[in-house]
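J.: I would like the atomic coordinates for the input below:
(one chain, ligands or ions: 2)
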Amino acid sequence: MKQLKAGLLGGGSWGTTVAALMCRNVPVTLWARNADTVAEINTNHSNTTYLPDAMLPESLVASTSIEETVADADVVVMGIPSQSFREVLLEVKQHIRAWVPVISLTKGLELDTRMRMTEIINEVLPGHPVGVLTGPNLAREIMAGQAAASVIAMEDEIIVKELQNVFKSGLFRVYTNTDVIGCELGGVLKNIIAIAVGMGDGQGAGDNTRAALITRGLAEVTRLGVAMGGKPETFAGLAGMGDMIATCTSPQSRNRHVGIELGKGRAMQEIIDDMVMVAEGAKSAPAVMALAEEYGVEMPIASDVYRVVSGQTNARGAYRGLLRVTAGAESEPG
Ligand SMILES: NC(=O)C1=CN([C@@H]2O[C@H](COP(=O)(O)OP(=O)(O)OC[C@H]3O[C@@H](n4cnc5c(N)ncnc54)[C@H](OP(=O)(O)O)[C@@H]3O)[C@@H](O)[C@H]2O)C=CC1
Ligand SMILES: O=C(CO)COP(=O)(O)O
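T.: Ligands and ions are numbered 1, 2, ... in the order given. Okay, the predicted model is just below:
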């Protein structure tokens, strides 16, 4: 069988990690906009800004040229944060070959359009097979050699199996799924619940409270995800519950970190200014609330997170709100 070549866009923590994983199976060129990052990967086989303790495979080649990265690629992978995803994809469009599959690693929504990243790919690159790799996958843990499982979701059952072999390795187990909408939304929506959990943790909440927030959070994420076309069972799998647990409990999660700092009473802008990395949940929250309204879905936890990240209330006020709601049947919102 022909050896596939991969081009991956995005030299942050997850883009670099996935490039390192793929290197075990196929030749990979990694594009980063920062020339220092590219030089460091090619010379020292490290990316200390985003993965301070990791050694990268010597076979991983980095480039500052999008053309060089995608022109002969048989699969293109996008590890660009959601608010910059389209602008980079438009450059990819200038050089990508026809029908090459494009896989998103990104867990956010475009703010202006509320679109998922696979919808943006479909719009910018019509005809290209589209997919998403998602699941409980904290980058630093994977680079440290810990075992993890993930999901690659594509509508085409043949291409998804071929690409499964490009991403998987001994300690990185990759399952296939054909529910692109559900898998993608699982990754996007859990970020907001992780902020809520962090807000509780930052105020000294207990384990029972965290478990309640995760469980009720998963219920509201599932309601919106299913209303938007995802399958209910997807939200009980790796892309749903799996990612929810990892992100809501890990000290490595950037979204949970934002919540913790909000819980301590810090201002949103100050928290973001102190972070090198992206926290997608804070950016996507307004788009998620707009979608909840459009689809007529109640999301009390996400709604409180939105009010805090948009400065309408503080974490302490929101937390009281979460406890104030009168409980009905467990199958109901609230
Ligand atoms: N980290 C993780 O554990 C996981 C992350 N994800 C998702 O992956 C996506 C990428 O996140 P991650 O790698 O962690 O992010 P990081 O914050 O670690 O890195 C962001 C990367 O994006 C680059 N970037 C930012 N803006 C632009 C732009 N306008 N044009 C080109 N490049 C840009 C940055 O470049 P520069 O250095 O030049 O600023 C940097 O390389 C997110 O949607 C995240 O939710 C998914 C699973 C796990
Ligand atoms: O998506 C992730 C783990 O699966 C990473 O979460 P954070 O962006 O909160 O770090």
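
J.: Show the pLDDT at the closest residue to ligand 1 within the chain.
T.: Closest residue of the chain to ligand 1, CB to the nearest ligand atom: G12 (1.9 Å). In this view, the C-beta of every residue, glycine as well, is placed from N, C-alpha and C. Predicted confidence (pLDDT) for G12: 98.

J.: does any part of the longest helix seen in the chain sit near ligand 1?
T.: Looking across the chain with DSSP state H, the single longest helix is helix 180-202. No - Helix 180-202 does not reach ligand 1 (CB under 6 Å from any ligand atom); its nearest approach is 6.7 Å.

J.: Mind pulling up the pLDDT for the closest residue to T313 other than its chain neighbours?
T.: Spatial nearest neighbour of T313, chain neighbours left out: R307 (4.8 Å); criterion: CB to CB, 6 or more residues apart in numbering. For R307, the pLDDT comes out at 96.

J.: what's the angle from the helix or strand harbouring R307 to helix 180-202?
T.: For R307, the host element (DSSP states H and E) is helix 300-309. Helix 300-309 and helix 180-202 meet at an angle of 60 degrees, taking axes from the mean of the first three to the mean of the last three CA atoms, to 10 degrees as the criterion.

J.: Spell out which parts of the stretch 51-200 of the chain neighbour ligand 1.
T.: 79-82, 84, 88, 105-108, 137-139.

J.: Over to the stretch 201-334 of the chain?
T.: Residues of the stretch 201-334 of the chain lying near ligand 1 (CB under 6 Å from any ligand atom): M277, V278, E280.

J.: Among those residues, which one lies nearest to L171?
T.: M277 (23.2 Å; CB to CB).

J.: hang on, that closest one packs against G10?
T.: No - using CB atoms under 8 Å, M277 is not in contact with G10; the gap is 12.0 Å.

J.: Who has more neighbours out of the two?
T.: The residue with more neighbours, out of M277 and G10, is G10; 24 against 13, by other CB atoms under 10 Å.

J.: Do I have it right that that one meets S82?
T.: No - counting by CB under 8 Å, G10 sits too far from S82 to count as a contact (11.4 Å).

J.: Of the residues of the stretch 201-334 of the chain next to ligand 1, which belong to helices?
T.: Filtering these for helices - DSSP H - leaves E280.

J.: quick one: which helix or strand includes A318?
T.: Assigned by DSSP H and E, A318 belongs to helix 315-324.

J.: Okay, E68 and ligand 2: tell me how far apart.
T.: Separation of E68 from ligand 2 (CB to the nearest ligand atom, to the nearest Å): 28 Å.

J.: Oh, that last question was meant for P101, not what I typed.
T.: 22 Å.

J.: Setting aside sequence neighbours, what's the nearest residue to that residue?
T.: P129 (4.1 Å).
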